[in-house]
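Engineer: fold the following and give me the result.
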Amino acid sequence: MHPENFKNGYVALIGKPNVGKSTLLNALMGQKLSIVTPKAQTTRHRVLGILTEESTQIIFLDTPGIMRPNTSLDQAMMRKVRDSVADADLIIFIVDARADEPDLRGLKTIIDRPAILALNKTDLVKQDQLLPLVDAYTNLHSFKTIVPISALKETNLDALMGEIRNCLPSGPALYPAEMISEHPERFFVAEIIREKVFEQFRQEIPYASTVVISNFVERDQAKDLIEADIIVERPSQKRILIGAKAHALKAIGIKARQDIEQFLAREVYLKLFVRVRKDWRNQGQLLRSFGYR
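Structural biologist: So this is what the prediction gives:
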């Protein structure tokens with residue numbers, strides 16, 4: 001790497017819930033860092049992904065979906081969005097190409113920061129349907145450029161990456177080339193378990209739950225030991241999550257263990273527990289202990 005020709009920068013992925021931010025991060029990184037489910041507000045943390053190339057280092061910031069906050073957890077998530085915008089050298093403002101009108105709340109969040117508009121899910125619409133949406137956004141914000149993409153189909157991502165590289169400031173790499181994130185392994189393990197909760201349950205259970213790793217022991221002569229608490233708000237939610245004869249909890253554990261072993265590239269022994277913490281989403285001390293503040 002030659003510092004005089006090298007470029008680096010923080011690139012924040014911003015947009016409404018379910019517009020495809022996490023899918024885009026995973027596609028651009030070439031591996032899964034952010035959990036993805038069909039449910040809105042799956043992402044709660046700012047997930048950092050580091051992509052180092054021959055002459056660039058891009059530090060992607062995947063963020064929670066922009067929404068009106070209803071709980072203290074929501075407020076903490078929106079602070080992560082604002083912090084990401086403030087830290088970013090470039091914003092990728094992601095919108096659903098099927099939208100009928102612009103995301104005004106999101107535009108207020110990015111203010112006058114340098115931004116690329118990424119029209120996602122273009123595989124689901126006809127090209128001429130994009131023109132009114134493009135015109136609307138062009139009139140509302142001075143974007144560096146507009147790139148139609150499909151994160152899921154990985155369509156036109158080379159063009160998006162080219163625009164990102166063009167917008168990066170010059171400077172040396174900020175992280176070692178082999179590093180893909182600054183999050184510890186236990187962060188990704190907790191996220192994988194939470195993803196399985198989102199996939200398995202409907203209604204309030206996913207949103208009323210979080211995952212805390214209580215024990216993470218790497219062992220030379222045996223499988224790594226991972227113990228995790230799935231936190232819910234009410235005893236009734238605990239009963240649903242465990243299920244009859246613990247079948248539901250066992251199913252989560254089996255699916256999570258498979259993905260954890262794939263991510264860590266080693267075998268693990270996973271033990272899950274369900275614990276009740278009343279109204280944890282509005283308890284500041286609990287939110288801090290769970291890593292949300």
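Engineer: in the chain, what helix or strand scores lowest on average pLDDT?
Structural biologist: helix 204-207 (a mean of 92; mean pLDDT, DSSP states H and E).
Engineer: mind exporting the following helix or strand past it as PDB, just the C-alpha atoms?
Structural biologist: Towards the C-terminus, the helix or strand next in line after helix 204-207, according to DSSP states H and E, is strand 210-217. C-alpha atoms of strand 210-217 as PDB (Å, rounded to 0.1, in the frame of the first residue of the first chain):
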ATOM      1  CA  THR A 210     -32.400  -9.300  23.300                       C
ATOM      2  CA  VAL A 211     -29.400 -11.600  23.800                       C
ATOM      3  CA  VAL A 212     -26.600 -11.300  26.300                       C
ATOM      4  CA  ILE A 213     -23.500 -13.600  26.200                       C
ATOM      5  CA  SER A 214     -22.900 -14.600  29.900                       C
ATOM      6  CA  ASN A 215     -20.000 -17.000  29.300                       C
ATOM      7  CA  PHE A 216     -17.600 -17.400  26.300                       C
ATOM      8  CA  VAL A 217     -14.700 -19.900  26.900                       C
END
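Engineer: what strands line up against strand 210-217, and which way round?
Structural biologist: strand 224-232 (antiparallel) (DSSP bridges).
Engineer: which elements pack onto the longest helix along the chain?
Structural biologist: In the chain, ranked by residue count with DSSP state H as the criterion, the top helix is helix 247-264. In terms of contacts (3 or more C-beta pairs under 8 Å, 6 or more residues apart in numbering; DSSP states H and E), helix 247-264 is packed against helix 185-200, strand 224-232, helix 235-242, strand 268-276. In short, each C-beta sits where N, CA and C put it, glycine included.
Engineer: other residues contacting it?
Structural biologist: With contact meaning C-beta atoms under 8 Å, 6 or more residues apart in numbering, helix 247-264 is reached by 32, 185, 188-189, 192-193, 195-197, 199-200, 224, 226, 230, 240-243, 267-268, 270-272, 274.
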